[in-house]
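Q: Provided below are the primary sequence and the corresponding predicted coordinates.
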There are 2 protein chains.
Amino acid sequence: MVGTRRFNEDEVLDAAVNVFSKKGFNATTMLDLAAESGVQRGSLYNAYQSKNVLFLKAFSHYTENFLTFIEGELQNPDAKKAFNQLLNTLVERLCSDKDVKGCFSTRAIMEAAQKCPDIHLCLTSFLDGLEVIMKKRLEQAIKDKQFSGDAQATARYLVVLTRGIAVIERVYNDKERMVEAYQTALAYMPFQKAS
Amino acid sequence: MVGTRRFNEDEVLDAAVNVFSKKGFNATTMLDLAAESGVQRGSLYNAYQSKNVLFLKAFSHYTENFLTFIEGELQNPDAKKAFNQLLNTLVERLCSDKDVKGCFSTRAIMEAAQKCPDIHLCLTSFLDGLEVIMKKRLEQAIKDKQFSGDAQATARYLVVLTRGIAVIERVYNDKERMVEAYQTALAYMPFQKAS
DNA sequence: GTCAATATTGACAAGTATGTCAAAGATGAC
DNA sequence: GTCATCTTTGACATACTTGTCAATATTGAC
């Protein structure tokens, strides 16, 4: 290929994920994205056609390894500990930045899902993926006699819970409150001690 | 008072709540608000100074009777049924409009909370109020030996849950899914039959 | 009915964001 | 080294949004 792209796409997409997480979809402008990535606005328009497309790429970039990462977090043979670990990590990620950030996917859901069918599809697939992974872990827990609820319904419920936590972060930005929320949820779930 | 305002403020605020719910905070322009309310943009600027102020008024208008309404929904002497009723009503409200709407407060949280201290305060107070009402009902349930959890922690957890449901509405717009979520949550909570 | 006070209206200015494009620059294949 | 091909760059046009303001209209008090 001649006339090779000069910017590093990974860096641009990382920057995009950052800006979108911090400012939300609507408030983020191509200028912001150019500034954060160090790539001129014109180049971004050349490489991606619009903010929507750039967002889609950024989203793919963001979720690329995310679901396998989630799966990894659920490896603990004790089911309750596994979910505790997962939720803890999610909260940590949400609070890791010193300048308040926010959840990339949840912000996108609230602002961009309705705007573009492609984005909507992306977000649905992501939540579906999250649900499937948690469902599988719950099914395993049922087999291991560590859980006595409905795997499907509970997985969906947990997806809802994670979204709720992301919203709470926006208002209170209080890690303790988020931890309390998921721990209360886990305490109520019908887990049994590993036999 | 001379030179009386000619538009009906309630109608304007109702319209504002509608637009903000549908389009979200950032995507809503003063022009949208003028169009939906039938009041000229200039008049809106005269009456309110900015979108932020108009939003604050709209938010007060929205929440004015909301918390007492919530309290009313929790009147059922059977605690579990009371919360079931409340959550069901919230879901119904979320899905009541034929053109997809969205949760006014949750959208505001995601988009406007960080933007303006006044708005942030509004939203915190609202969630705090929600929490207090649910906490009180749970304390009553504990007295009635209908609930055996921690009232404070559970109330906070339920606030998180309602936010999560509002997010899910944006993606799936599926009432069944939202009902399933809160029913799973309620099923896991340590309610006891009324004695 | 007059008048002071306020609301309404449309026009204006300024700022911001988008998207396009031609010119210039860089690159790999040959 | 040449060249076709793609990228980069900055400028440009367009559109949108905000906020202001002077002119006009309306109102209630007197």
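A: Okay, I see it. Numbering: from 1, shown residues only, chains lettered A, B, ... in the order given.

Q: from here on, just use CA atoms for contacts and neighbour counts.
A: Noted.

Q: what's in contact with the helix or strand that contains A:Ser60?
A: Element membership of A:Ser60 [criterion: DSSP states H and E] is helix A:51-63. By C-alpha atoms under 8 Å, 6 or more residues apart in numbering or on different chains, the residues outside helix A:51-63 that reach it are A:10, A:13-14, A:16-17, A:29-30, A:48, A:116, A:118-119, A:122, A:126.

Q: ChimeraX command to pick out the buried ones of these?
A: Remark: buried members of these, expressed as a ChimeraX selection using 16 or more other C-alpha atoms under 10 Å in any protein chain shown:
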select /A:13,14,16,17,29,30,119,122,126
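
Q: next step: the contacts of helix A:51-63 restricted to helices.
A: A:10, A:13-14, A:16-17, A:30, A:118-119, A:122, A:126 (DSSP state H).

Q: can you name the two of the residues you listed that sit furthest apart?
A: By the measure C-alpha to C-alpha, A:Met30 and A:Phe126 form the most distant pair in those, at 24.5 Å.

Q: who in chain A is up against DNA strand C?
A: By C-alpha under 7 Å from any atom of the strand, the residues of chain A that approach DNA strand C are A:1-4, A:6, A:27-31, A:41-42, A:45, A:49-51.

Q: show me which residues of chain A sit near chain B.
A: Residues of chain A lying close to chain B (C-alpha under 8 Å from any C-alpha of the partner chain) are A:24, A:26-27, A:106-107, A:109-111, A:113-114, A:120, A:123-124, A:153-154, A:156-157, A:160-165, A:167-168, A:170-172, A:180-182, A:184-185, A:188-190.

Q: one step back: pLDDT for the ones in helices among the contacts of helix A:51-63 - can I get that in a markdown table?
A: Output for these, formatted as a markdown table (pLDDT from 0 to 100):
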| residue | pLDDT |
| --- | --- |
| A:Asp10 | 94 |
| A:Leu13 | 96 |
| A:Asp14 | 95 |
| A:Ala16 | 97 |
| A:Val17 | 96 |
| A:Met30 | 97 |
| A:Asp118 | 93 |
| A:Ile119 | 95 |
| A:Cys122 | 94 |
| A:Phe126 | 97 |
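
Q: which of those residues lies closest to DNA strand C?
A: A:Met30 (3.8 Å; C-alpha to the nearest atom of the strand).

Q: who are the contact partners of that closest one?
A: A:Met30 touches A:41, A:44, A:51, counting by C-alpha under 8 Å, 6+ apart.

Q: quick one: distance of the helix holding A:Ser60 to the chain centre.
A: A distance of 13 Å separates the centroid of the chain from that of helix A:51-63, by C-alpha atoms, centre = their mean, to the nearest Å.

Q: how about it and DNA strand D, touching?
A: No - using C-alpha under 7 Å from any atom of the strand, helix A:51-63 never reaches DNA strand D; the gap is at least 13.4 Å.

Q: can I get the helix or strand following that helix in PDB? Just the C-alpha atoms.
A: Sequence-wise, the next helix or strand downstream of helix A:51-63 (DSSP H and E) is helix A:66-73. Provided in PDB are the C-alpha atoms of helix A:66-73 (Å, rounded to 0.1, in the frame of the first residue of the first chain):
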ATOM      1  CA  PHE A  66     -13.100  -6.600  27.100                       C
ATOM      2  CA  LEU A  67     -15.400  -9.600  27.000                       C
ATOM      3  CA  THR A  68     -12.500 -12.100  27.300                       C
ATOM      4  CA  PHE A  69     -11.200 -10.000  30.100                       C
ATOM      5  CA  ILE A  70     -14.500 -10.200  31.800                       C
ATOM      6  CA  GLU A  71     -14.500 -14.000  31.400                       C
ATOM      7  CA  GLY A  72     -11.100 -14.100  33.000                       C
ATOM      8  CA  GLU A  73     -12.300 -12.200  36.000                       C
END
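
Q: can you pull the buried residues of helix A:66-73?
A: Residues of helix A:66-73 classed as buried: A:67, A:70-71, A:73 (neighbour count, 16+ other C-alpha under 10 Å).

Q: same thing with stretch A:183-192?
A: Neighbour counts over stretch A:183-192 (16+ other C-alpha under 10 Å) mark A:183-186, A:188-189, A:191-192 as buried.

Q: avg pLDDT for stretch A:87-103?
A: Taken as a whole, stretch A:87-103 carries a mean pLDDT of 89.

Q: what comes up buried for that stretch?
A: For stretch A:87-103, using 16+ other C-alpha under 10 Å, the buried residues are A:87-88, A:90-91, A:94-95, A:101-103.

Q: re the thing from before, turn the contacts of helix A:51-63 into TSV, including distance to A:Asp78.
A: What follows is the contacts of helix A:51-63, written out as TSV (distance: C-alpha to C-alpha, whole Å):
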residue	distance to A:Asp78
A:Asp10	36
A:Leu13	36
A:Asp14	34
A:Ala16	37
A:Val17	33
A:Thr29	45
A:Met30	46
A:Tyr48	45
A:Cys116	41
A:Asp118	38
A:Ile119	36
A:Cys122	32
A:Phe126	25
